[in-house]
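Asker: just coords:
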Ligand code: ZN
């Protein structure tokens, strides 16, 4: 699945919105992606998983690790395509961690899977969870990279589509300056 096909899925699902949004990173933006609207369609989620697995297979991951909640569904679909298990990290006391009895073994080859990368902060946190368990992160993938290349990761990274949606520090946000009310739609906007 190429960039145009990926973005077409988002547009068709109404998952690419314009307005004035506060993202989970705290930054403001005039564009907002709600990937859950795409992933609610199992056939589309599966196709995206197959496309990401096609790139990641060469890294020979043994397990997929995703940050909850946004990465869970696409992580599961990538894992299905790779024939490996899918686990997720979630917040406890504000810190991302493995819960529910999920275990990574020392040296296990881990692929990080996200829905949307905005700043890379969430991806870096998830990499740190795997590293803390002694596992080996072989790479990271996302459906969409909206960081404009700013998300510097310590591992090989691939996204199906790059999308330039400018983000602003709230103190320097032109939409705030115009007096537009800011909204924080849904859960964990990306
Ligand atoms: Zn703003």
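Answerer: Ah, there it is. What you are looking at is a predicted structure, and each value in this text was computed from that prediction instead of being measured.
Asker: show me where this structure has strands.
Answerer: Remark: strands assigned in the chain by DSSP state E are 16-22, 28-33, 63-67, 85-92, 95-98, 109-117, 136-145, 157-162, 167-168.
Asker: Out of these, the one nearest the ion is which?
Answerer: Smallest distance to the ion across the strands of the chain (C-beta to the ion): 3.2 Å, for strand 28-33. Heads up, the C-betas are built off the backbone N, CA and C, glycines and all.
Asker: helices and strands around that closest one, which ones?
Answerer: Strand 28-33 sits against strand 16-22, strand 167-168, helix 174-177, with contacts defined as 3 or more C-beta pairs under 8 Å, 6 or more residues apart in numbering; DSSP states H and E.
Asker: Need those in a markdown table (columns: mean pLDDT, distance to the ion and mean neighbour count).
Answerer: Shown next, in a markdown table, are these (pLDDT from 0 to 100; distance: least, C-beta to the ion, whole Å; neighbours: other C-beta atoms under 10 Å):
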| stretch | mean pLDDT | distance to the ion | mean neighbour count |
| --- | --- | --- | --- |
| strand 16-22 | 90 | 6 | 17 |
| strand 167-168 | 90 | 6 | 18 |
| helix 174-177 | 96 | 3 | 14 |
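Asker: could I get these as a markdown table with distance to residue 100?
Answerer: As requested, the helices and strands packed on strand 28-33 are exported to a markdown table (distance: least, C-beta to C-beta, whole Å):
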| stretch | distance to residue 100 |
| --- | --- |
| strand 16-22 | 29 |
| strand 167-168 | 32 |
| helix 174-177 | 39 |
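Asker: Highest mean neighbour count out of the strands of the chain?
Answerer: Counting by mean count of other C-beta atoms under 10 Å, strand 109-117 has the highest mean neighbour count of the strands of the chain, with a mean of 27.
Asker: Packing partners of that strand?
Answerer: Counting contacts by 3+ C-beta pairs under 8 Å, 6+ apart, strand 109-117 is packed against strand 63-67, helix 72-82, helix 121-132, strand 136-145.
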